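>>> this is a predicted model, with the sequence first.
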Amino acid sequence: MVATTSLPPTDGSNATSVAAAEVVVRRDDGPVAILTITRPAALNALNADVLVGLADHLHACAVAAHVRAVIVTGAGEKAFVAGADIAAMQAMSPVQARAFAQKGCDVAAAIAAMPQPVIAAVNGFALGGGCELALACDMILASRKAKLGLPEVTLGVIPGFGGTQRLLRMIGVHAARRWVLSGDVFSADEALRFGVVQEVFEPEDLLPKAIELGKRIASRGPLAVAAAKRVIAQGADQSLADAVDTEGRAFADCFGTADQKEGMAAFLAKRPAVYTGS
Ligand code: CO8
């Protein structure tokens with residue numbers, strides 16, 4: 001499959017390249033943008049088009065003022081993403097593999113850089129690069145039928161866009177070794193016990209619950225949500241003392257926003273807050 005390159009849109013529109021637009025479909029439900037990876041014949045496996053499509057949509061959502069949360073999910077009932085596309089990778093040279101992995105890293109970087117939270121709604125297999133994509137999101141909700149794992153070692157490779165590193169930061173070194181070195185696939189409930197997923201729902205409830213969560217986040221102060229996302233990410237790589245300092249500075253900055261005045265005034269007046277994101 002030949003990737004179609006495109007420039008990230010800057011106007012918050014759905015504009016994206018033609019091939020990429022076919023495999024990643026965006027629909028908005030009010031303030032929540034839902035990105036659905038749609039390659040059912042390959043269980044939504046990640047090829048260059050999917051990665052470009054995801055990055056394009058994420059860049060567009062990041063600058064869309066009305067979008068306050070993003071959901072990433074897979075089309076159909078069977079798979080979130082069953083990994084990077086093995087057929088596309090099989091003949092790659094090390095240089096090509098590095099460039100391909102970089103496209104995955106670009107998606108992860110887009111998720112980390114955008115102010116809105118990104119929720120992975122894992123509706124089926126989330127394996128290899130699919131699990132790594134979920135790990136790059138801000139939180140992971142899963143269907144009871146989901147299966148997660150990093151089976152790369154069964155193919156003679158290792159995770160390539162941050163999976164080993166995000167997993168170890170998430171669940172600790174030894175539990176990460178249990179996942180990565182065995183290549184085992186885990187049920188949603190097992191993943192919940194490991195702390196890889198945060199909540200598990202019946203399959204039919206997953207997307208509605210993810211949208212509900214997205215809308216709840218959308219009702220909060222957007223600058224505060226963005227600041228909280230930022231300090232959690234920064235703090236994960238800092239000493240506790242530095243991280244608390246990072247938080248303290250961001251807390252103080254909130255008091256320079258109209259949202260803080262509005263949020264506290266609304267509480268005192270016993271009315272819902274109307275945030276402007278300013
Ligand atoms: N790549 C390409 N095609 C796939 C993939 C995949 N990862 N997974 C499934 N498919 C295809 C199958 O080949 C099959 O195609 P066809 O009908 O043409 O034969 C179709 O999807 C349906 O799959 P199955 O018939 O295998 O369905 P089953 O229900 O029998 O099995 C499984 C489902 C268990 C999910 C099985 O398909 C499977 O094991 N898939 C591979 C899982 C895997 O190993 N994933 C990791 C891949 S390596 C990786 O992700 C490395 C990431 C590194 C970084 C990448 C940076 C972007």
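All right, it came through fine. This one's a predicted model, so the numbers in the text were calculated from it and none came from an experiment.

>>> how about the residue nearest to M92 when sequence neighbours are not counted, what does it touch?
Distances taken as C-beta to C-beta, 6 or more residues apart in numbering place F100 nearest to M92, at 6.5 Å, with adjacent residues excluded. Using the backbone N, CA and C atoms, a C-beta is placed for each residue, glycine as well. By C-beta atoms under 8 Å, 6 or more residues apart in numbering, the contact list for F100 reads A48, A84, A88, M89, M92, G160.

>>> mind listing which of these are in helices?
Those of the contacts of F100 mapping onto helices are A48, A88, M89, per DSSP state H.

>>> the second one: neighbouring residues, count only.
I take that to be A88. 18 (other C-beta atoms under 10 Å).

>>> could you pull out the strands for the stretch 151-278 of the chain?
For the stretch 151-278 of the chain, the strands defined by DSSP state E, counting those that start in this stretch occupy 185-187, 199-201.

>>> out of those, nearest to the ligand?
In terms of C-beta to the nearest ligand atom, the element of the strands of the stretch 151-278 of the chain nearest to the ligand is strand 185-187, at 7.4 Å.

>>> and the strands of the stretch 151-278 of the chain as TSV, adding distance to the ligand?
Converted to TSV, the strands of the stretch 151-278 of the chain look like this (distance: least, C-beta to the nearest ligand atom, whole Å):
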stretch	distance to the ligand
strand 185-187	7
strand 199-201	19
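
>>> show me what from the stretch 1-150 of the chain comes close to the ligand.
The stretch 1-150 of the chain comes close to the ligand at residues 42-43, 45-46, 51, 82-87, 100-101, 103-104, 125, 127-129, as judged by C-beta under 6 Å from any ligand atom.

>>> apply 5 Å and report the result again.
Residues of the stretch 1-150 of the chain lying close to the ligand by C-beta under 5 Å from any ligand atom are 42-43, 45, 82-86, 101, 104, 125, 127-129.

>>> which of those fall in helices?
I86, A101, G104, G129.

>>> the third one touches V81, doesn't it?
Spelled out, it's G104. No. In this structure G104 lies outside contact range of V81 using C-beta atoms under 8 Å: 10.8 Å.

>>> what touches both of the two?
Common neighbours of G104 and V81 are listed as L46, G129, L133 (criterion: C-beta under 8 Å, 6+ apart).

>>> of the residues you listed, which is the most crowded?
Neighbour counts for the shared contacts of G104 and V81, by other C-beta under 10 Å, peak at L133, which reaches 31 neighbours.

>>> which helix or which strand is home to that residue?
Following DSSP states H and E, one finds L133 within helix 129-136.

>>> gap between that helix and the chain center?
How far helix 129-136 lies from its chain's middle: 8 Å, per C-alpha atoms, centre = their mean, to the nearest Å.

>>> which other residues reach that helix?
For helix 129-136, contacts defined as C-beta under 8 Å, 6+ apart pick out 44-46, 54, 72, 74, 79-84, 104, 107-108, 111-112, 120, 122, 126, 140, 148-150, 159-163, 166-167, 170, 196.
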